[in-house]
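3D model of this:
(chains A and B)
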2 protein chains.
Amino acid sequence: MWKHSRLLELLKLEHPIIQAGMAGGVTTPALVATVSNAGALGTLGAGYMTPEAMKEAIEEIQTLTNRPFAVNVFVPEYPKATEREMKHANELLNPFRDELGLAEEPSPEIDKSLFENQIEVIKELNVPIVSFTFGLPDQEVIQDLKGEGIILIGTATSVEEAIVNEKSGMDAVVAQGSEAGGHRGTFLATNEGVGTMSLIPQVADAVKIPVIAAGGIMDGRGVCASMVLGADGAQLGTAFVTCDESGANPHHKEAIVHTKETETVLTSSFSGKPARGIRNTFIDRMEGHEHELLAYPLQNALTKGIRKEAAKQHNPEFMSLWSGQSPRLSRQESASKIIMSIVAQAKRINS
Amino acid sequence: MWKHSRLLELLKLEHPIIQAGMAGGVTTPALVATVSNAGALGTLGAGYMTPEAMKEAIEEIQTLTNRPFAVNVFVPEYPKATEREMKHANELLNPFRDELGLAEEPSPEIDKSLFENQIEVIKELNVPIVSFTFGLPDQEVIQDLKGEGIILIGTATSVEEAIVNEKSGMDAVVAQGSEAGGHRGTFLATNEGVGTMSLIPQVADAVKIPVIAAGGIMDGRGVCASMVLGADGAQLGTAFVTCDESGANPHHKEAIVHTKETETVLTSSFSGKPARGIRNTFIDRMEGHEHELLAYPLQNALTKGIRKEAAKQHNPEFMSLWSGQSPRLSRQESASKIIMSIVAQAKRINS
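Just a heads-up that it's a prediction; the model follows:
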């Protein structure tokens, strides 16, 4: 089954397995390089990184592997919030700050040159593959990167979004089902998500570019099932959060390992965009206030201090514990072992 | 792949494909018999049927096929509603009745002997296979049916529910993912559903009885993917709603064929229990009133007249247009052709 994948040729991989570009410190250079060295595709989740931090991480990855790797960036948005909206959003968060002993966040500043500077670093350091979340960049950026020979991967959560990805010039598209942990890549769709079993064949029927399945995939069964459904490969996020090389907070790893498949929930309360995480006190208390949150990335900036301090105080109840719907399949071992297990399981399935 | 399925032996089938026991007139005797004659398992959706109607339908099925078929029944619940709750629930529905020219529904009477009488018909007519939705019947009923040599299939929407099914003596369990159209079989879980890609491997790891995947499965890709994930077979509902032998209202069939994968939604507004259907005016207007609905089956009884009259008046906006999240894969042809296509596609995938 592996042999027939166009994705292996496009990305120069041994295995059609992509480690998702999770932002927020999960994707250490060690994780990215370990995954790439195992013949899969490691991805640096650079969404929230400064160009300097990004540069440092990419250079470290390049010392650790000669294999292809990817960098994931977030297509920027610049929403506005009135003083009043800002005040109210802060009021909702102040009880958490009080409990943590934090002062109110100053009005967040959004760095409007961040994305542009991230793209410059990507070009400067000859990053071979770039993936986008939250929509598509301008044609200028797309053509610029393609001109440099960089392979581009977009993200879609619906058939329509996949078609828009293809039309924009993406070389491949991640089709993200509703099982997926962390942020939904949605940029056109308005619903809460389509399950991976439904999404993959409908997307595969609609586009000619390689489709990468995401959402609930944790092992060889999931990777093979994705390919049977019409995908050319699979992207795994949660499966790598708990691994040895992951930079996820130990409380986050522990939470995933002890969570049931019914205990995750979609919430916009941390960032202003829907994301799947393990239900905790923060999510519970913010429930019902969806319309009072600031838009992404403003809400994200407002909750940043809370999440950071909660981690410092070992309080997982106020942290964002992103997880997909397959936590029972999580494993605490090296990323290379996870990939070896997937490949071994796939061989058994295909034999 | 087919050859290894324990389900084929248990249910005496050629193909590990089950046509879901959709209630409400979809599963005509012609549909059930056509599916069973094609080597798959047809199911009469008898949930809402009187014993007399059920008897008539089963006898007709038995004249049309000598192959195994199943009957699906709903495990009963007897909720109470106060006068005030009833009045308020009716007030929410009266605008729809006014538009249709209907009088207010009288207080619904729940026939508390319905389930018992349905079980009697099943025994009397030697139905070979029975499936349950909305939980599990008493041990007395289970042991009684097993004593008659009847094979029992339960429904689960979580790992815990699957384990309870196994412990109760079910011979197999349908694991219903969040993509599924129509009613969720949930009886213990409290979340909105786990995607099929996540649910199947986690359930398969937790129980020893055969697992039947459901939710978003429409073709050979879905059936094969289910089995790769660890299921022993697949149950398809929406795929058979649009077929020639289905008794679904033509507006319902048309709606599925023209729906996008993002246009279905979970709603409790029709019946008091969450079910996935195509978003329409009824669902939109009832949104936000979830806590004012009566419990199932009281709410179902209250909306019955509206749904019936809307169908008569060719008004799909007030009908329950159940559909899973893969409507783009729907086909309007004979059920036997649908099964032949699945088998042919599965052969190509496995070659």
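
kindly state the pLDDT recorded for A:S107?
On pLDDT, A:S107 comes in at 78.

okay, now the residue of the stretch 251-351 of chain A found nearest chain B: neighbour count?
Proximity to chain B, evaluated over the stretch 251-351 of chain A using Cβ to the nearest Cβ, is greatest for A:Q325 at 3.7 Å. Placement of C-beta: from N, CA and C, glycine included. Close neighbours of A:Q325, defined as other Cβ atoms under 10 Å in any protein chain shown, add up to 34.

name the helix or strand for it, please.
Under the criterion DSSP states H and E, no helix or strand holds A:Q325.

list the contacts for it?
A:E179, A:G181, A:G215, A:G216, A:E261, A:T264, A:R276, B:V194, B:G195, B:S198, B:L199 (Cβ atoms under 8 Å, 6 or more residues apart in numbering or on different chains).

redo that, cut-off 10 Å
By Cβ atoms under 10 Å, 6 or more residues apart in numbering or on different chains, the contact set of A:Q325 is A:177-181, A:195-196, A:215-216, A:218, A:238, A:259-264, A:276, B:177-178, B:191, B:193-195, B:197-199, B:202.

try A:G185
Counting by Cβ under 10 Å, 6+ apart, A:G185 touches A:74-75, A:131-135, A:154-157, A:161, A:165, A:173-176, A:214, A:273.

just the ones of these in strands?
Among the contacts of A:G185, DSSP state E puts A:F74, A:S131, A:F132, A:T133, A:G154, A:T155, A:A156, A:V173, A:V174, A:A175, A:Q176, A:A214 in strands.

got CSV for the residues you listed, with distance to chain B, pLDDT and neighbour count too?
Formatted as CSV, the ones in strands among the contacts of A:G185 follow (distance: Cβ to the nearest Cβ, whole Å; pLDDT from 0 to 100; neighbours: other Cβ atoms under 10 Å in any protein chain shown):
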residue, distance to chain B, pLDDT, neighbour count
A:F74, 22, 98, 23
A:S131, 20, 98, 28
A:F132, 20, 98, 27
A:T133, 18, 98, 25
A:G154, 17, 98, 29
A:T155, 15, 98, 31
A:A156, 11, 98, 31
A:V173, 15, 98, 28
A:V174, 14, 98, 32
A:A175, 11, 98, 33
A:Q176, 11, 98, 30
A:A214, 10, 98, 32
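
residue boundaries of the helices in the stretch 101-250 of chain A?
Remark: helices assigned in the stretch 101-250 of chain A by DSSP state H, counting those that start in this stretch are A:114-124, A:139-147, A:159-168, A:196-206, A:220-228, A:238-241, A:250-257.

what domains does the record give for chain A?
What automatic domain parsing lists as the domains of chain A is A:1-76+A:112-245, A:79-109+A:247-333.

can you tell which of these is closest to B:N315?
Checking the domains of chain A against B:N315 by Cβ to Cβ gives domain A:1-76+A:112-245 as the closest, at 23.7 Å.

chain center to the closest one, what's the gap?
Relative to its parent chain, domain A:1-76+A:112-245 has a centroid offset of 8 Å by Cα atoms, centre = their mean, to the nearest Å.

residues in the stretch 251-351 of chain A within reach of chain B, list them.
A:260-266, A:279, A:324-329, A:346, A:349-350 (Cβ under 10 Å from any Cβ of the partner chain).

so which of those residues are in helices?
Mapping these onto helices (DSSP state H) picks out A:A346, A:I349, A:N350.
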